[in-house]
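Asker: coords below, sequence missing:
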């Protein structure tokens, strides 16, 4: 397979720390903070992330949403372990291989030991999909 040359990373994004060993297998991720001091996650959709139609694979997008939301919860509850108990995704439009994809976590609400989060995955200023998850906070 020919080497994929990623376009430049948008200004303001810096290489993100890896949330897990699994996450590192997905590629290089970047992050920066928006005006509300919330992280925005980003990466280029590479050929290894694609389906036969030349767009980001739905399973890959679901994994990104789950991972971005988990990191977002981790920032709000440092030191707490958690697990995903529910994950919902609504696919709205395809995102071509080569595009810059951003994850915007836009809401977090705690209910006891559960945290609900919403994250929009965006490309070219348009929502590609919306992911929603519930995480259970585990005892420290």
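Answerer: Good, I have the coordinates. Owing to the predicted nature of the structure, the values given are computational and were not obtained by experimental measurement. Numbers count the residues shown, from 1 in each chain.
Asker: lowest-pLDDT helix or strand in this structure?
Answerer: Within the chain, confidence by mean pLDDT, DSSP states H and E is lowest for helix 21-24 among all helices and strands, at a mean of 76.
Asker: next one: that one to chain centre, how far?
Answerer: 13 Å (Cα atoms, centre = their mean, to the nearest Å).
Asker: State the next helix or strand along the chain beyond that helix.
Answerer: strand 30-33 (DSSP states H and E).
Asker: how about that next one: buried residues?
Answerer: 30-32 (16 or more other Cβ atoms under 10 Å). In this view, the C-beta of every residue, glycine as well, is placed from N, C-alpha and C.
Asker: Packing partners of that strand?
Answerer: Contacts defined by 3 or more Cβ pairs under 8 Å, 6 or more residues apart in numbering; DSSP states H and E place strand 30-33 against strand 14-15, strand 39-44.
Asker: continuing past whichever strand or helix holds residue 70, what's the next helix or strand?
Answerer: Applying DSSP H and E as the criterion places residue 70 in helix 58-76. Next helix or strand after helix 58-76 toward the C-terminus (DSSP H and E): strand 82-91.
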